[in-house]
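S.K.: When you get a sec, could you give me coordinates for this:
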Amino acid sequence: MSHAQEKNAVALSSVLASASLTLTKAIVGLLTGSMGILSEAAHSLLDLAAAVMTFFAVRHGDMPADEIHHYGHGKIESVSALIETGLLFITSAWIIYEASRRLLTGDVEVEATWYAFAVIIGSIIVDVSRSRALYKVARETKSQALEADGLHFSSDIWSSAVVLAGLVFVRLGVRGADAIAAVGVSVFVAVAGYRLGRRTIDVLVDTAPRGVAEQAREIAAAVEGVTRVERVRTRPLGSGVHIEMALQMNRKYSLDKAQEIVKRVERAIEQRIPGSDAVIHARSVQLDSETIVETVQALAHKNELAVHDVIIDLLDGHQYISYDLEVPDTLTVAAAHDLASKFEQAVKNEVGDDIELNSHIEPLKNEAILSSNVTEAEMESVLAALRSADGEVAEINGPHNVLVRKIGDKFFVSLHCLAPGGMSVETVHNAASRFEYLMKDKLKGIKRVVIHVEPE
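M.R.: Predicted coordinates:
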């Protein structure tokens, strides 16, 4: 049985129990003239109204969010509980008034019959059974409406016990004991209403659940990639809790990487705080440990540009930065230069004006280029250049998976080579660049050579 079905079932059983208790107490109270039993009947009548509200609250409170209720319908249960609180105080006021009137007027004739005792004892047994069932499901489903209903039944246990004691004293001949018992019932009712109302109002005014914000902050801070947790706000949301959080992340992260970190934080919170609904905002920040290379890359990403081969060097106390800047191949020279100048200024704003910047502008093709196959003679000329270059570059060897295409009158070559697994990336890259240069030198028609190096 799902949580929703379990909540509906226990709420419906409470309606039936309240209805039967109300009817029985009212009949016995009228027959005996017991103010205590009549007050219990009034109490049970209000319990019946509260149980009916609870039944409809739990049926509709679990409905998902819609176009009008963006946060779902969870607070329906809180509204129901608040109304129940009002009913409890109304009951308490009526009982005190009627009991005081009887004591002041002396109208305290009560017949303590066996069936008066039977209905109160039976009421206690039913209340114990229902309160346990309601509290059990309320704890499992975190339903505030069911908890309120359980509170009603548990308060009924004590108030019925007071009425039972009053009947005993009436049987012993103590005049006014029944009215005094009725006042005792009102005390229990008022205390129950206060406890329920305090929790319900906390939910309706979005009082932060105790300890949840601190727990959520610790969970988020422990996720790799989160630099700092800026702000955490929590509020009750039906049987769960709504969490809003702002995180700081390294600005070098791409949008996809930042979203991945946010998802990891959300999953961690959902696992550690059941029933939570987390909304997380991420803000990119520059870390104190950020290198100049990372600064250039982050600024390029921010300006929707691509840079590679960023090199920083020092000469005579002066710092130089050089890089390859990729721009759309459809731009004119003037437009590309303007774009490069704006990017240079952005870098200087971050690292200082006393740095020298040199950018190499490369065309970036955003669309596929139509290529064609080469003839056997053309393929043989490319392979001859490849074999010659292979003999002059010792660091890489074993060229294979050679693919040659032709775009216009130029050759585009891709191939795989082998290199020792322990060789540095820089050494391999330099060797591959030299290999490409030699091939181009030996065959002027080669436009580009892409070499994928694999460990031996």
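S.K.: The residue most central in space within the chain in helix, strand or coil?
M.R.: Computing the C-alpha centroid of the chain and ranking residues by Cα atoms, centre = their mean puts residue 278 first, at 2.0 Å. Here residue 278 is recorded as strand under DSSP: H, G, I helix; E, B strand; the rest coil.
S.K.: hang on, it packs against residue 267?
M.R.: No: counting by Cβ atoms under 8 Å, residue 278 stays clear of residue 267, with 9.4 Å between them. C-betas here are computed from N, CA, C, even on glycine.
S.K.: tally of neighbours for residue 322?
M.R.: Using other Cβ atoms under 10 Å, residue 322 has 14 neighbouring residues.
S.K.: do the same with residue 364
M.R.: Residue 364 - counted by other Cβ under 10 Å - has 14 other residues nearby.
S.K.: That one - nearest residue in space that isn't next to it in sequence?
M.R.: Spatial nearest neighbour of residue 364, excluding adjacent residues (Cβ to Cβ, 6 or more residues apart in numbering): residue 326 at 4.1 Å.
S.K.: how far away is that neighbour from residue 243?
M.R.: Applying Cβ to Cβ, to the nearest Å, the value for residue 326 to residue 243 is 41 Å.
S.K.: same check, this time on residue 122
M.R.: 46 Å.
S.K.: Residue 443 now?
M.R.: With Cβ to Cβ as the criterion, residue 443 and residue 243 are 63 Å apart.
S.K.: Repeat that for residue 347.
M.R.: 38 Å.
S.K.: How far away from the center of its chain is stretch 356-375?
M.R.: Distance of stretch 356-375 from the chain centroid (Cα atoms, centre = their mean, to the nearest Å) equals 43 Å.
S.K.: Just the CA coordinates for that stretch, please, in PDB.
M.R.: Extracted in PDB, the C-alpha atoms of stretch 356-375 (Å, rounded to 0.1, in the frame of the first residue of the first chain):
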ATOM      1  CA  GLU A 356      51.900  41.800 -23.300                       C
ATOM      2  CA  LEU A 357      49.300  39.800 -25.200                       C
ATOM      3  CA  ASN A 358      49.800  38.100 -28.600                       C
ATOM      4  CA  SER A 359      46.900  36.300 -30.200                       C
ATOM      5  CA  HIS A 360      47.000  34.100 -33.300                       C
ATOM      6  CA  ILE A 361      43.500  34.100 -34.900                       C
ATOM      7  CA  GLU A 362      42.300  30.900 -36.400                       C
ATOM      8  CA  PRO A 363      39.200  30.300 -38.400                       C
ATOM      9  CA  LEU A 364      36.600  28.100 -36.800                       C
ATOM     10  CA  LYS A 365      34.300  26.200 -39.100                       C
ATOM     11  CA  ASN A 366      30.900  25.500 -37.600                       C
ATOM     12  CA  GLU A 367      29.500  23.500 -40.500                       C
ATOM     13  CA  ALA A 368      30.600  20.200 -42.100                       C
ATOM     14  CA  ILE A 369      32.800  20.500 -45.200                       C
ATOM     15  CA  LEU A 370      32.200  18.300 -48.200                       C
ATOM     16  CA  SER A 371      35.300  16.200 -48.900                       C
ATOM     17  CA  SER A 372      36.100  13.600 -51.500                       C
ATOM     18  CA  ASN A 373      38.200  10.500 -51.900                       C
ATOM     19  CA  VAL A 374      41.700  10.500 -53.400                       C
ATOM     20  CA  THR A 375      43.000   8.600 -56.300                       C
END
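S.K.: for the stretch 301-450 of the chain, what spans make up the strands?
M.R.: Assigned by DSSP state E, counting those that start in this stretch, the strands in the stretch 301-450 of the chain fall at 306-315, 318-328, 356-364, 397-407, 410-419, 446-455.
S.K.: Buried deepest among those, which one?
M.R.: strand 410-419 (a mean of 18; mean count of other Cβ atoms under 10 Å).
S.K.: partner strands of that one, parallel or antiparallel?
M.R.: Applying DSSP bridges, strand 410-419 is found paired with strand 397-407 (antiparallel), strand 446-455 (parallel).
S.K.: returning to that earlier point: look at residue 443 and residue 243 and report which has more neighbours.
M.R.: Neighbour count, other Cβ under 10 Å: between residue 443 and residue 243, residue 243 has more, with 28 against 19.
S.K.: ok, and the closest non-adjacent residue to the more buried one?
M.R.: Residue 243's closest residue in space is residue 278 (Cβ to Cβ, 6+ apart), at 4.5 Å.
S.K.: How much space separates that neighbour from residue 223?
M.R.: Taken as Cβ to Cβ, the span from residue 278 to residue 223 is 12 Å.
S.K.: same check, this time on residue 329
M.R.: According to Cβ to Cβ, residue 329 and residue 223 sit 40 Å apart.
S.K.: More neighbours: which of those two?
M.R.: Between residue 329 and residue 223, residue 223 has the larger neighbour count (other Cβ under 10 Å), namely 18 against 12.
S.K.: Just confirm the more buried one is within a strand.
M.R.: No: looking at residue 223 with three-state DSSP, it is coil, so not inside a strand.
S.K.: any idea how far residue 262 lies from residue 297?
M.R.: Applying Cβ to Cβ, the value for residue 262 to residue 297 is 21 Å.
S.K.: Give me the domain ranges for the chain.
M.R.: Using automatic domain parsing, the domains assigned to the chain come out as 3-204, 212-285, 292-364, 376-455.
S.K.: Of those, which is nearest residue 370?
M.R.: Closest to residue 370 of the domains of the chain is domain 376-455 (Cβ to Cβ; 7.7 Å).
S.K.: Endpoint to endpoint, that closest one covers what distance?
M.R.: Start-to-end span of domain 376-455 (Cα to Cα, to the nearest Å) is 31 Å.
S.K.: Tally up the residues packed near the nearest residue in space to residue 392 that is not next to it in sequence, please.
M.R.: Of all residues not flanking residue 392 in the chain, residue 438 sits nearest, at 5.9 Å (Cβ to Cβ, 6+ apart). Neighbourhood size, residue 438 [other Cβ under 10 Å]: 19.
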